[in-house]
Structure formats: C-alpha cells, structure tokens
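[1] Here you go, sequence then predicted model.
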Amino acid sequence: TMLSVIEISSRLPVNNFSNSCFEVCLTNKSYLLLKVICAKCCLGKITKGPGILTQSLLDAGFRVVALESNSDFLTDLQSLESSLDGRLKVIHGDFFRMDPMAKGALKPPAVSSEKLFKTLGVAAVPWRADVPLKVFGIVPQQLERNRLWRLLFAMYECSSIYRYGRVELNLFISEKEYTVLTAKPGKSKIYQALTVLAQLGYEIELLHKVRVLYQLIRPKAKYGHRLPNDHFCLVRLTPQQNLFTGGLKPSNASTFIFMVKQSFAKPKSKLTDRLNLDNSDRLLKALEIPRNASMYNLYPEDYKRLFEALQNSHLFAETFFHDEVLTSTRTMNLLI
C-alpha cells in the first residue's frame, strides 16, 4: 500500500491512487470528502468544492459510489452518473448519519450501512480477520465529540459498519480531540472516558498534522483550560484484533462503556469508594491495582481487567456502578 501526504488546499488536487480500488466518496460545500477504500489505497490531496474528488477518481479509471449529503449538489452528480455507463453510483446520504437509531424508514441523508455495503460488494468477515474496508475523511467540527462517541459505540457493539469487521478509520479530527484521545493517565483535565475507550478499542496512529491557516475550528472553553487546537490531525483508528478476548463481548460492551463513563463522573474519586465491595481490597490486589488509585490514574487495560473480573465473579450487580449503568444504557440514544 502506497501512502503520500494529504494537503488541504484550495487548488485542484493531483491524486495518485493505486490500481484496483473501489471507493465511496462524500462531498459537500464545506469540502468534506469521505473516501471508503477497499483493498489497496493511497491518499491524494483533498480540496474544497463539490465533486472534485469524484471527477478525479473517475478520470483515473475507478468505479465510484458517491455519498452526497447536500441535495444542492445531487443534480450535477446524477447528471454525471447517467453519462458514465455504470462507473458512478450516486447515493443521497451522509456517512455520519449512518444507521440512525430512530425507528421507521430512513429518510435521506440518513443511510443504511447494509445498503451501502451491498452496493460496495463488501461481505462481512470475522472480527479477527484482516481489515475489510478503509475509511478516509474529515469529521465535521459541529458535534465532533458526539460523532466520535457514536463511532465508538458502534465499534464496541459490532454494529453499523463494524458488523462487517474491523473497518479502519483514517479521519481528520481537531487537535483538541486528538489530545484527548491520546492523553495519559493522571491528567485529570484531558484523560477522560473517551480516552480510555478509544485507546482500548483502537490502535491510534497519527499519520499527518495540518496547520489550520484559517479559523475553521472555533475552540470552546469546555475543558477548564484551553487545549491546543491549531491543527487538523489525520488519525488512523484500527480496531484492536484482540478487543473481544476475555470477558468483554459485543453483547455486554454497552455495560462496559457506561461503567467507564460513570467512573469519570468523579475522576478524582478512589476506586475502592466507587466499587463499594466488602472484598474490594482482595480484588484489587489480584488485579495488581493500587488500593488508593483514583479513577483517572487507571490505565485503559485496568478498566477492562476490572470489568472482566467483576463479570466473571458475578459481583458487578453488587457494585455502585450497577444502577447507574442500567439507567445510562436505557438512555443511550439520548447521549449519542
């Protein structure tokens, strides 16, 4: 696989893709371009403007399925589709509104992953198999955190795009969110539930950093102190092959997620206080976790081992977490 540097530019890109590539791209007027690439791929430059990447791929000889979320651009794409003898398929849809939890028939730009993967001709593979599909794009800055949470839930539950295996995400995210994703234990302001779950669930790799020359990102004072936010970070998120070895399974993953979320409701509280178990000292000793450890001092692996130990010993229902987790699970749709 060949990989070149992505540059966000206002000029027409010169793309250099490998052969044998089946791609889905999303374009809209905020120059979001989402490329879903099967098998071999490499990154070209991304530029703003509707349909530029689509046309570049067609010119390079690829078969393209385009997800267009903005109806203003559909007419031009559909006109192009009709003239290309099956080389372009246009779907009115938004990748970031894939498989919404609302009941009833989907209305565009919401889109079904089942429909998309059928169009792609990509079949589901076992979790421990190789990556079946790669996604390239930019996460919209509006509700960025919510979008990351939604992808994380889907990955842990093996739902939506993750029903088809360990789909690899290569996404531009804001620097502040990248800082949270890669934070270390002990940093109470930035080491969060999202940090723990992302580091445990994904192999996180920074591929490229692009300095923001224009005010594309508007930081909000959300974290008590301002995080660095002068760059877009292209981050590769590859689901961990061994995520579901042990007691953690897709069927109980939502319980694990909310246990971690509730742990960070009071990140400086002691783990022994949160467990509220008579034999908590013995349990922590067996897990080699210090008795006086605070929630924000635990490593991601510690949370997984703790959860699995509670599951295996049938002690989870006795812990302080239990009722909070059940309540949170019932309202999951509201949280994401």
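    Cool, the structure landed. Residues are numbered from 1 along each chain as shown.
[2] Which residue comes closest to Asp230 once chain neighbours are left out?
    Here the nearest residue to Asp230 in space, its sequence neighbours aside, is Val212; by CB to CB, 6 or more residues apart in numbering that works out to 5.8 Å. Placement of C-beta: from N, CA and C, glycine included.
[3] What ranges does the protein have for its strands?
    When assigned using DSSP state E, the strands of the chain occupy the ranges 8-9, 21-27, 33-39, 46-47, 63-68, 88-92, 134-138, 168-174, 202-211, 231-239.
[4] Contacts made by the last one with the rest, please.
    Going back to what we said before, that points to strand 231-239. If you take CB atoms under 8 Å, 6 or more residues apart in numbering as the criterion, strand 231-239 is touched by 6, 8, 127, 131, 138, 155, 162, 166-175, 178, 181, 198, 201-212, 216-217.
[5] Just the buried residues out of those residues, in ChimeraX syntax.
    Those of those that meet the burial criterion (16 or more other CB atoms under 10 Å) are gathered into one ChimeraX selection, given here:
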select :6,8,127,138,155,162,166,167,168,169,170,171,172,173,174,175,178,181,198,201,202,208,210,217
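[6] Looking at the chain, which residue reaches furthest from the middle?
    When distances are taken from the C-alpha mean of the chain, Asp278 lies farthest, 37.9 Å away, according to CA atoms, centre = their mean.
[7] Against Gln311, how distant is that residue?
    The span separating Asp278 from Gln311 equals 18 Å under the rule CB to CB, to the nearest Å.
[8] ditto for Ala124
    With the distance defined as CB to CB, Ala124 ends up 26 Å from Gln311.
[9] can you check Phe232 too?
    39 Å.
[10] Same drill for the two, tell me which one is more crowded.
    Neighbour totals were compared for Phe232 and Gln311, and Phe232 leads with 24 against 17 (other CB atoms under 10 Å).
[11] Would you mind confirming that Leu194 makes contact with Trp149?
    Yes. With the criterion set as CB atoms under 8 Å, Leu194 and Trp149 qualify as a contacting pair; they are 6.9 Å apart.
[12] neighbours around Asp118, how many?
    Heads up, residue 118 is Lys, not Asp. 11.
[13] Low-confidence stretches in this protein?
    For the chain, residues meeting the criterion pLDDT under 70 lie at 1-58, 60-63, 136, 213-226, 314-336.
[14] what residues go with each domain of it?
    Using automatic domain parsing, the domain parsing of the chain gives 1-122, 253-335.
[15] Find me whatever residue is spatially closest to Gln78, sequence neighbours aside.
    Nearest-residue entry for Gln78: Val90, 5.4 Å, with adjacent residues in sequence omitted and distances by CB to CB, 6+ apart.
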